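A.B. asks: here's a sequence, model it:
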Amino acid sequence: MRAVEDTNRRMLRARDAMDRGYAEPLDVAALARIAHVSPAHFARTFRATFGETPHRYLQRRRVERSMFLLRESDRSITDICFEVGFGSPGTFSRTFRDIVGRSPRQYRREAAALAGVPTCFAMAWMRPSSSG
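C.D. replies: Below is the predicted model:
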């Protein structure tokens, strides 16, 4: 049981680093170093622990942050794309649509239309899908 706890602690340490540094260029090798395991072991164990690959987790964190910025700021979609760590607007839009189910522009329009709707209902409706 001790080995499982140690593994979980290592994976949590790496996931916390991803949560803090989502906008930074993070790769599996760097995350594996944080977890003190090999890159291959890290990728397998992260997926087994959290149910998604490290890359997908990082993409989802970036999209979640961009959703907030799209709702709460008037910054351009391109600026938001780079601020949250995507390397190109095309990749950002494709990934955003894959996770959220609509384009960043459409999401922003719909969020603006929900101004005045109670936050709990708006957040539930605007939440990214868990599939993907």
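
A.B. asks: who are the packing partners of the helix or strand harbouring G90?
C.D. replies: Taking DSSP states H and E as the definition, G90 sits inside helix 89-100. Under the contact criterion of 3 or more CB pairs under 8 Å, 6 or more residues apart in numbering; DSSP states H and E, helix 89-100 touches helix 54-72, helix 77-83, helix 104-113. Backbone N, C-alpha and C define where each C-beta goes, glycine included.

A.B. asks: make CSV from the ones you listed and add mean neighbour count and distance to V4 to it.
C.D. replies: Below are the helices and strands packed on helix 89-100 laid out as CSV (neighbours: other CB atoms under 10 Å; distance: least, CB to CB, whole Å):
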stretch, mean neighbour count, distance to V4
helix 54-72, 19, 19
helix 77-83, 17, 37
helix 104-113, 15, 39
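
A.B. asks: how about those helices in a markdown table, adding distance to T7?
C.D. replies: Output for the helices and strands packed on helix 89-100, formatted as a markdown table (distance: least, CB to CB, whole Å):
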| stretch | distance to T7 |
| --- | --- |
| helix 54-72 | 15 |
| helix 77-83 | 33 |
| helix 104-113 | 36 |
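
A.B. asks: which one of those has the lowest average pLDDT?
C.D. replies: Among those, helix 104-113 carries the lowest mean pLDDT, a mean of 92.
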